[in-house]
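Novice: Just the structure for this:
(2 chains)
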2 protein chains.
Amino acid sequence: MAYRVLMTSERPIGRRYPKGAARRQQILDEAVEVFARAGFRSGSLREIAKRVNLTPTGVMHYFSSKEELFTEVIAERDNRVEQAAGTAEDETQPDQMRAVVAHNAANRGLSSLFTVVTAEATAPDHPAHEHFAERYRTNAAESAQALAAAQRRGLVRSDIDPAHAARLITAVMDGLQLAWLLDDTVDMPATFEEFLRGYLLPDESPDADGVAGPTTGDV
Amino acid sequence: MAYRVLMTSERPIGRRYPKGAARRQQILDEAVEVFARAGFRSGSLREIAKRVNLTPTGVMHYFSSKEELFTEVIAERDNRVEQAAGTAEDETQPDQMRAVVAHNAANRGLSSLFTVVTAEATAPDHPAHEHFAERYRTNAAESAQALAAAQRRGLVRSDIDPAHAARLITAVMDGLQLAWLLDDTVDMPATFEEFLRGYLLPDESPDADGVAGPTTGDV
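Specialist: This next block holds a predicted model:
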C-alpha cells in the first residue's frame, strides 16, 4: 500500500450531515467531474450547484468550508487513482507508480486542484494543514517500509536509502506535476521513467518472479 | 547559469511607474522581509503597508494586481538565492544546487510564498501563468545544456538524460519543498543529497580539476 498520498481514500474531515450523506456524495461526484473537465479556477461552485439543482449556498450547506469541499474532492480522486493503479499484493511497485503518474497526466483538472490545495495547505493555519501533513507522513513511512521489502527482493537498488527514496518518489511526482501544469511540453511519464531507471531500479532488471538473477553478460 | 527557476531575477511584469520606482523597490524589500518572517498567509499586505507608511490601497497603487506583487517578491527572492549560491564559472553545479536547497530551507516564508504562487499560476488564466511557464521552460533548457557539459567533464553520470535530468532536479527541489512545508521533519538537504548521490553524480567522485580519473581500486 505504498504511495498513499495519491492513492488512498481518507475519512472526511469536518462535520458530517448524516441525513444528507447521499446528497453530499452526489455533490462530490459532480465536483470531481467539473474539476476534472474544467480545471481549478473555471470549475466553479456555480456549475457544481447547477448539476445538483442547488444554489452555491445550498451546496456549501453540506461542507464546513470550501477547503473541506476541495479536500473531499481530492479524496474522491484518490479512490479513482487507487482503482486505476490496482492494489493487488503481487503488483510491482514501479507499475503502481507508473499508473499514478499516468492517471495524473490524463486528468489535468484534478491534478491542478491537488497542486493548488496542497500548496495552500502549507500555511500552518489552513484548515486542511494537519490533514495533508498526516497524509504525507503516513505515505512516507509506509513507502519506506515497502521499498525496504522490495530491496530485499532485489526489485529496488540495494544502495538507496528507503526513507529518503520514499520522500523523493513523492517529490518527483508532485514536482513534475507542477512543471507539466505550467508547461504542457513536459512529458511526465517519460521523465518519471528516467527517474525510476536512473535512481530506483537495479541495473539488471530482475526476472518476473522478483528475484534478481546473476549477471549473464559475457563481457 | 543553470537552475534559473530559483535563482534568476526577471524583468518585472505589468506596468511600471517610473516616478515611483524607488518607492516600489522599497515596498518589495519590505514585502520580502514580511513574507520571509511571517509566511504567506499571515504576512499581510497591512504589515507591508505599515512599514512603508502607506495604506494597503496605497501599496497596491504600485502594482497592477496582488499576483504582480507576489511575482515581484519571488524575483527579489531569486536575486538573494543567486547571491547565496554564487555564480562563478568554476563553481560546481552540485554546490550551486545544494546552496539553493539550503537557502530554501532557511527561508520558510519565502518558500511557502513560492510554492503557493507557482501552484496558483498553473491555472491558464492566472496573470502570471505565462511568466512562470517561460521561467520553467528556460530553466529546463539551460540546465539541460549545463548538465550535458558537466557530463562531458565527468562531473555527472554518463548514462543520465540531460533533458529529463533538468526537469527532475527542479521537480525534486519543488516537491521536497512542498513536503517540508507540510511536515517539518523532512530533511530537505539530506534528501536532496541522496538524490544527487543516487541519480546525478558519478559513482567515483572526480578529482578537483573536474576530470574523472581511472578507477584506482585494486579489487
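Novice: CA only for contacts and neighbour counts going forward, please
Specialist: Noted.
Novice: helix/strand/coil for the nearest residue to residue A:20 once chain neighbours are set aside?
Specialist: For residue A:20, ignoring the flanking residues on the chain, the nearest one in space by CA to CA, 6 or more residues apart in numbering or on different chains is residue A:62 at 7.4 Å. Three-state call for residue A:62 (DSSP: H, G, I helix; E, B strand; the rest coil): coil.
Novice: So residue A:62 sits against residue A:25, correct?
Specialist: No. The criterion here is CA atoms under 8 Å, and residue A:62 misses it with residue A:25 at 9.6 Å.
Novice: of the two, who's got more company?
Specialist: residue A:62 (19 against 15; other CA atoms under 10 Å in any protein chain shown).
Novice: Residue A:81 versus that one, what's the distance?
Specialist: Per CA to CA, to the nearest Å, residue A:62 is found 25 Å from residue A:81.
Novice: Output the contacting helices and strands for the longest helix along chain A.
Specialist: Criterion DSSP state H: the longest helix present in chain A is helix A:129-152. When contacts are defined as 3 or more CA pairs under 8 Å, 6 or more residues apart in numbering or on different chains; DSSP states H and E, helix A:129-152 sits against helix A:162-182, helix B:162-182.
Novice: list the buried ones in it?
Specialist: Going by neighbour count (16 or more other CA atoms under 10 Å in any protein chain shown), the buried part of helix A:129-152 is A:129-133, A:135-148, A:150-151.
Novice: which regions of chain A lie under the pLDDT threshold?
Specialist: By pLDDT under 70, the low-scoring segments of chain A are A:1-19, A:38-43, A:86-92, A:204-219.
Novice: what ranges do the helices span in it?
Specialist: Going by DSSP H, chain A shows helices at A:21-42, A:45-51, A:56-60, A:66-85, A:93-106, A:108-120, A:129-152, A:162-182, A:188-195.
Novice: ok and the fifth one relative to helix A:188-195, angle-wise?
Specialist: Yep, that's helix A:93-106 we're talking about. 150 degrees (axes from the mean of the first three to the mean of the last three CA atoms, to 10 degrees).
Novice: any idea how far residue A:95 lies from chain B?
Specialist: 19 Å (CA to the nearest CA, to the nearest Å).
Novice: same question but for residue A:188, I mixed them up
Specialist: Counting by CA to the nearest CA - residue A:188 and chain B are separated by 10 Å.
Novice: these two touch, right, that residue and residue A:180?
Specialist: Yes. Using CA under 8 Å, residue A:188 is in contact with residue A:180, at 6.9 Å.
Novice: Surely residue A:127 and residue A:121 touch.
Specialist: Yes. Contact criterion CA under 8 Å: residue A:127 and residue A:121 qualify, at 7.5 Å.
Novice: Those two: who's more crowded?
Specialist: The residue with more neighbours, out of residue A:127 and residue A:121, is residue A:121; 25 against 18, by other CA under 10 Å.
Novice: which residues sit in contact with the residue lying closest to that one once chain neighbours are set aside?
Specialist: Residue nearest to residue A:121 in three dimensions, not counting chain neighbours: residue A:129, with 4.7 Å by CA to CA, 6+ apart. Contacts for residue A:129 (CA atoms under 8 Å, 6 or more residues apart in numbering or on different chains) come out as A:121-123, B:182.
Novice: do residue A:84 as well
Specialist: So residue A:84 contacts A:99-100, A:103 (CA under 8 Å, 6+ apart).
Novice: 7 Å instead, please
Specialist: By CA atoms under 7 Å, 6 or more residues apart in numbering or on different chains, the contact list for residue A:84 reads residue A:99.
Novice: For the closest residue to residue A:159 other than its chain neighbours, give its distance to residue A:22.
Specialist: Once flanking residues are discounted, residue A:159 sits nearest to residue B:198: 7.9 Å by CA to CA, 6+ apart. Look at residue B:198 and residue A:22: by CA to CA, they are 49 Å apart.
Novice: Who has more neighbours out of those two?
Specialist: residue B:198 (20 against 11).
Novice: Lovely, talk soon.
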